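Student: Next input, structure requested:
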Amino acid sequence: MKISAQEEYGLRCLVQLASAGEGESLTLPQIAEREGISQSNAGKLMWLLSKAGFVNATRGTKGGYSLARPAEEILLSEVVKVLDDDEIEGHCNSYTGVMDSCVHTGDCGIRSVIVGLHEIVQNALSNVTLSQLVGTEKKVDERFHRIQGLSGGVASTER
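Tutor: Purely as a prediction, here's the structure:
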């Protein structure tokens, strides 16, 4: 599975807000600078996340963005679903062959594998909350592998 830039940076923006602490907000310039993205890109992401109910936007000199719900209640599967440009239901519509449509539209052995993998990823993301992404890479990696019942990870692959 490939995570799009929009999904990654949207998650990163939310992690920034989760790291800010309860009751604190961050301005759009702060979020953009901390993530190394343009303010217009950060603005687009924050608009999407606000529209989906993950973020509150407050106007004014003491305004900014804050989480609309506790980070412990925000599942990664929910966030990715909002930010995902490539819906699994439409994967056959993005056919890149020389014909108008895929020759396997009616009967495709690959489709069930693609859909199955997507379901596995969605189930895994349904077990991870935004709060579990806050911290150092090593701590997040250990947390993630403990949640998923996996061994290995970033720490064990470093040499």
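
Student: Show me where the chain has its strands.
Tutor: Remark: strands assigned in the chain by DSSP state E are 55-58, 64-67.

Student: list the buried ones in the first one?
Tutor: To tie it back to what came earlier, the one meant is strand 55-58. For strand 55-58, a neighbour-count test (16 or more other CB atoms under 10 Å) marks 55-56 as buried. Placement of C-beta: from N, CA and C, glycine included.

Student: now stretch 36-54
Tutor: In stretch 36-54, counting by 16+ other CB under 10 Å, buried: 37, 42, 45-46, 48-49, 54.

Student: Which of the residues you listed fall in helices?
Tutor: Filtering the buried residues of stretch 36-54 for membership in helices, criterion DSSP state H, returns 42, 45-46, 48-49.

Student: and the strands of the chain as TSV, adding distance to residue 127 and mean pLDDT?
Tutor: Shown next, in TSV, are the strands of the chain (distance: least, CB to CB, whole Å; pLDDT from 0 to 100):
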stretch	distance to residue 127	mean pLDDT
strand 55-58	22	94
strand 64-67	20	95
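
Student: quick one: which of the ones you listed is nearest residue 114?
Tutor: Taking CB to CB as the criterion, strand 55-58 is the member of the strands of the chain that comes nearest to residue 114, at 31.1 Å.

Student: Which other helices and strands does that closest one contact?
Tutor: The contact analysis (3 or more CB pairs under 8 Å, 6 or more residues apart in numbering; DSSP states H and E) places strand 55-58 against helix 39-51, strand 64-67.

Student: Closest one of the buried residues of stretch 36-54 to residue 4?
Tutor: For residue 4, the closest of the buried residues of stretch 36-54 turns out to be residue 45, at 11.6 Å, with distances computed as CB to CB.
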